[in-house]
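Enquirer: I would like to see how this sequence folds:
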Amino acid sequence: MRGFSKTQVAGLFITGAAVGTVAALLFAPKTGVQMRKDIRRISRRTINQLDDLQTDIRDQISEGYSQVRKMIKTA
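Expert: Residues are numbered from 1 along each chain as shown. From the prediction side, this is the model:
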């Protein structure tokens, strides 16, 4: 996507997936037990995706920091 970093695209994708999932859960006729099970499963998946995104962001920041330090040392 033009003008967006990979991290931003990933964040937008996860947000869109979460919104779609919530909408599907609200409109799907299910029992309370099944609904709670689905919510727990989706919550775990979302938490894992957010953890992965957080790791990617940390890696990018660390890499950028290292590059800036190298540029300062060579200047």
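
Enquirer: show the average pLDDT along stretch 16-36.
Expert: Averaged across stretch 16-36, the pLDDT comes to 82.

Enquirer: oh, that last question was meant for stretch 62-75, not what I typed.
Expert: On average, stretch 62-75 scores 89.

Enquirer: now for the top helix by length along the chain, which elements pack on it?
Expert: Longest helix of the chain, by residue count under DSSP state H: helix 32-74. Helices and strands touching helix 32-74, by 3 or more Cβ pairs under 8 Å, 6 or more residues apart in numbering; DSSP states H and E, are helix 6-27. Glycine gets a C-beta too; all of them are placed from N, C-alpha and C.

Enquirer: show me what counts as buried in the helix it packs on.
Expert: 10, 11, 18, 21 (16 or more other Cβ atoms under 10 Å).

Enquirer: angle of it against helix 32-74?
Expert: 170 degrees (axes from the mean of the first three to the mean of the last three Cα atoms, to 10 degrees).

Enquirer: contacts for helix 6-27?
Expert: For helix 6-27, the surrounding residues in contact (Cβ atoms under 8 Å, 6 or more residues apart in numbering) are 1, 4, 35, 38-39, 42, 46, 49-50, 53, 56-57, 60.

Enquirer: what's the distance between the residue nearest the centre of the chain and residue 7?
Expert: Nearest to the geometric centre of the chain sits residue 50, at 4.0 Å (Cα atoms, centre = their mean). Plainly put, residue 50 is 12 Å away from residue 7 if you go by Cβ to Cβ, to the nearest Å.

Enquirer: on that earlier part again, contact partners for the residue nearest to the centre of the chain?
Expert: Residue 50 makes contacts with residue 14, as judged by Cβ under 8 Å, 6+ apart.

Enquirer: give the buried subset of the contacts of helix 6-27 as a PyMOL selection command.
Expert: In PyMOL, this line selects whichever of the contacts of helix 6-27 come out buried by 16+ other Cβ under 10 Å:
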select buried, resi 42+49
